[in-house]
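J.: Here's my sequence, what's the structure:
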Amino acid sequence: MDLYGKDLITTQDWRKEWLDEVLALAKDMKKHRYEEPYTEILKYKTFFMFFYNPSVRTRQSFEAAATELGGHAQFLEPKAMRLKSKDKAGETIEDAASIMSRYGVGLGIRILEDAVERYGDGEALLREYAKYASIPIVSMAHDKYHPCQGLADLMGLQEHMGDVKGKKIAMMWGYSSMVRSWSSVQEDILLLPRYGMNFTLAYPEGFDLDPGVVETAKKNAEKAGAEFEITQSALQYKDWRFTSELNNLTNKAYFIHPMPVDRGNEVDDEVASGPRSIIYDIGENRLHAQKAIMALTMARGWK
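T.: Numbering: from 1, shown residues only. Coordinates of the predicted model:
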């Protein structure tokens, strides 16, 4: 199948067989990391990284991905560009997207809740760039979804568990001393049930997710023959932490987290650094999943 030129704003936009192709290629790229033809796929080509919000792994992993594919990743910030806004004259999205399409082979955009006025504005911006760009637009996390994190999570679970169909995942969503986006949680509740995982989402009152996303997650689970449920408890929201005691109640569960981990508030150190923690494997998988996405959407004729 030909994924060349396709945008990735959420995995929900992609057919399951397209996602399967990304995962298969990512696993092979991980196995043959510095070998041809993978090191030549984006030779002499540029991938633009447009950051409205700062990052740790996102910039590192995308920049490393472009380098390992033989190309270059260029870092961009709104403050260093003359872009039009409601109170400032400048270049429109149509013009910016059109001219960047002449320079590069792909554009990644990261824009979270605190960089927009209303929930959904970040996704709207990505889709407007996709409307005018002739190169693929990739979400590097926005206010609604984080497709690359979702694929890295799934890849890590498959590596450690094999076929995930029928397996159980419980995800806690709650308080953190750091600002937390909905994007990773909402991506996972959409993606993992599509692969047949029985999904339980736990959060305290006041931490409700997008109702439309939750409804779609339920439909995905039903279509795949999986279960999807939401649970709450009387705990105060700052008491929601994945402790060693809770971990001991699981059936030797793997611990996953999109990182950065708010140790001591979200999870105990003993869990995050424990033998069943696969957070670093999943963090590494961001690199390989993104390389696969870039190869399949931004290069043609390399296979």
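J.: ok, so what distance separates G212 from A299?
T.: When distance is defined by Cβ to Cβ, to the nearest Å, G212 is 34 Å away from A299. From N, CA and C alone the C-beta is placed, and that goes for glycine too.
J.: Check the residue in the chain sticking out farthest from the centre and give its pLDDT.
T.: Among residues of the chain, the one most distant from the C-alpha centroid is A89; the distance is 32.1 Å, by Cα atoms, centre = their mean. Per-residue confidence at A89 stands at 86 (pLDDT).
J.: And the pLDDT at A24?
T.: Per-residue confidence (pLDDT) for A24: 98.
J.: That one: neighbour count?
T.: 12 (other Cβ atoms under 10 Å).
J.: Please settle this for me: is it part of a helix?
T.: Yes. Secondary structure assignment (DSSP: H, G, I helix; E, B strand; the rest coil) places A24 inside a helix.
J.: got any ranges where the stretch 51-200 of the chain has weak pLDDT?
T.: With pLDDT under 70 as the threshold, the stretch 51-200 of the chain has low-confidence stretches at 174-180.
J.: show me where the stretch 101-250 of the chain has strands.
T.: Using DSSP state E, counting those that start in this stretch, the strands assigned to the stretch 101-250 of the chain run over residues 106-111, 137-142, 168-172, 198-202, 228-231.
J.: Export those strands to TSV and append columns for distance to S184 and mean neighbour count.
T.: Formatted as TSV, these follow (distance: least, Cβ to Cβ, whole Å; neighbours: other Cβ atoms under 10 Å):
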stretch	distance to S184	mean neighbour count
strand 106-111	13	26
strand 137-142	7	26
strand 168-172	10	17
strand 198-202	12	19
strand 228-231	17	14
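J.: who wins for proximity to M161 among the ones you listed?
T.: Proximity to M161, assessed across these by Cβ to Cβ, is greatest for strand 168-172 (9.8 Å).
J.: is it true that F50 lies in a strand?
T.: Yes. According to three-state DSSP, F50 belongs to a strand.
J.: pLDDT below threshold where in the stretch 201-303 of the chain?
T.: Low-confidence regions of the stretch 201-303 of the chain, defined by pLDDT under 70, span residues 234-235, 237-238.
J.: neighbours of G166, just the number please.
T.: Residues lying near G166 (other Cβ under 10 Å) number 11.
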